[in-house]
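Novice: pasted the sequence and its predicted model underneath.
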Amino acid sequence: MAGFESLSAFGRPPIVGGIPFTRGPLAYLLRNRFYIGDVVFKGETLAGEQPAILDRDLFDAVQAKLDEQVNNHKVSRAKSEALLLGRIFDDRGHRMTPSHARRRGIKYRYYISCALLQGRTEQAGTVSRIPADEIEALVANSVRGHLNEPTEIEDAVLIHDHVVRVEVRSGQMIIELAKANADRKRKRSRNVIEVPWHKTPSTRRREVQVPETGPAQDIRHIRSENRATLVASIARGRRWLNELIADPTVNAETISVREGCSVRQVNMTISLAFLAPGLVKAAIDGQLPHGMGVTRLRDLPSEWSRQRHMLGLN
């Protein structure tokens, strides 16, 4: 399908009618027997009156391929080290999928909102990316304590047997537990645990409060070498973003191969192209406070007002 050749470097799906055309709608189209002249009614496949517009052999080959992918997905899912796979969601109902990054040979696992992965940053929940080890341990310990389960039971078994859904909020974790058969007949209410929780910052945040009436000479500005690196990174991010917009054959992978860096590095650098104009001007003029370098600025929300809030620039 030609439309899918234009997927962006961020893996964002095409927008059809204002709605992202994601895996679910695509699978529905590929599985739809209406296109080969059949009609499915109450689970039974019947011959329809409409003419077929797809070759049946081609349709059957596609179904076999889809079934193979489903089986492979089930196997990889069973082997996955992500204990909350399929069970964890952000507070806007978006599924959070496992991801990881390697730094200096160490693997760091995360759960990331699918809205964020699809480029719909503004639709992601209040917490769109969380460390997997921390959240898995919190869920397992909370469930173990609530049910008085012995420590001999592994976390994976505990979560598999008792956890139905985990909802991540900015100040707490909502854990929905499975009910026993007797409880299901007696009650319709959800069996949930509310656990206080706050996301641990990936880096130590140094909140910078610029005084309104303080003398200007007391404010420490960004170092000149850090300023030069930041300005160059912003320019590089804008240049790469322009490439993605202008040339549909370019994506993050091709840029990473050309530049000799990771795909994640490319995406993080491009995020600097979305900095608020005031922050960009302050960077160019060297007026940003000390500590506002590339690492601090490339992990900000897309909303300009929230960028200043996250940086503590009130």
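Specialist: Ah, there it is.
Novice: low pLDDT regions in the stretch 101-250 of the chain?
Specialist: For the stretch 101-250 of the chain, the stretches with pLDDT under 70 are 180-190, 200-219.
Novice: helix/strand/coil for the closest residue to residue 46 other than its chain neighbours?
Specialist: Excluding the flanking residues, the one nearest residue 46 by C-beta to C-beta, 6 or more residues apart in numbering is residue 39, at 5.0 Å. Using the backbone N, CA and C atoms, a C-beta is placed for each residue, glycine as well. Look at residue 39: counting by DSSP: H, G, I helix; E, B strand; the rest coil, its state is strand.
Novice: give me every residue that touches residue 39.
Specialist: 33, 45, 46, 47, 48 (C-beta atoms under 8 Å, 6 or more residues apart in numbering).
Novice: got the domain boundaries for this protein?
Specialist: With domains defined by automatic domain parsing, the chain comprises 2-79, 88-196, 216-311.
Novice: picking that back up, now the buried members of the contacts of residue 39.
Specialist: Buried members of those, scored by 16 or more other C-beta atoms under 10 Å, are residue 33.
Novice: from the contacts of residue 39, which is closest to residue 135?
Specialist: Ranked by distance to residue 135 (C-beta to C-beta), the contacts of residue 39 are led by residue 33 at 40.8 Å.
Novice: I'd guessed that closest one sits against residue 44; true?
Specialist: No. Residue 33 sits out of contact with residue 44 when judged by C-beta atoms under 8 Å, with a separation of 11.3 Å.
Novice: in the stretch 1-150 of the chain, which spans are strands?
Specialist: Using DSSP state E, counting those that start in this stretch, the strands of the stretch 1-150 of the chain run over 15-16, 19-20, 38-41, 44-47, 88-90, 96-103, 106-113, 129-131.
Novice: wait, what's in contact with the residue nearest to residue 168 when sequence neighbours are not counted?
Specialist: Using C-beta to C-beta, 6+ apart and skipping the chain neighbours, the partner closest in space to residue 168 is residue 127 (5.0 Å). Neighbour list for residue 127: 90, 91, 168, 169, 170, 199 [criterion: C-beta under 8 Å, 6+ apart].
Novice: same deal with residue 196?
Specialist: Neighbouring residues of residue 196 by C-beta under 8 Å, 6+ apart: 171, 172, 173.
Novice: switch to 7 Å and redo it
Specialist: Residues in contact with residue 196 (C-beta atoms under 7 Å, 6 or more residues apart in numbering) are 171, 172.
Novice: which strand residues bridge it?
Specialist: Beta bridges link residue 196 to residue 172, judged by DSSP bridges.
Novice: re earlier: kindly reformat the contacts of residue 39 as CSV containing distance to residue 98 and pLDDT.
Specialist: Listed next are those as CSV, based on distance: C-beta to C-beta, whole Å; pLDDT from 0 to 100:
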residue, distance to residue 98, pLDDT
33, 33, 88
45, 36, 84
46, 41, 86
47, 43, 86
48, 41, 84
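Novice: what's the burial count for residue 139?
Specialist: Residue 139 has 25 neighbours, counted by other C-beta atoms under 10 Å.
Novice: now swap in the one 3 residues further on and tell me
Specialist: Burial of residue 142, expressed as a neighbour count using other C-beta under 10 Å, amounts to 19.
Novice: stretch 264-280 spans what distance, first to last residue?
Specialist: 22 Å (C-alpha to C-alpha, to the nearest Å).
Novice: quick check, distance from that stretch to the centre of its chain.
Specialist: For stretch 264-280, the separation from the chain centroid amounts to 18 Å (computed by C-alpha atoms, centre = their mean, to the nearest Å).
Novice: can you list the buried residues in it?
Specialist: 266-276, 279-280.
Novice: got the contact list for it?
Specialist: The contact list for stretch 264-280 (C-beta under 7 Å, 6+ apart) reads 10, 101, 233-234, 236-238, 240-241, 252, 255-256, 297-298, 302, 304, 307.
Novice: please apply the same query to stretch 44-60.
Specialist: Residues from elsewhere that reach stretch 44-60 (C-beta under 7 Å, 6+ apart): 33, 34, 35, 36, 37, 38, 39.
Novice: what's near enough to touch the third one?
Specialist: What that stands for is residue 35. Counting by C-beta under 7 Å, 6+ apart, residue 35 makes contact with 52, 53, 54.
Novice: now render those residues as CSV, adding pLDDT and neighbour count.
Specialist: Shown next, in CSV, are these (pLDDT from 0 to 100; neighbours: other C-beta atoms under 10 Å):
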residue, pLDDT, neighbour count
52, 88, 14
53, 90, 9
54, 87, 14
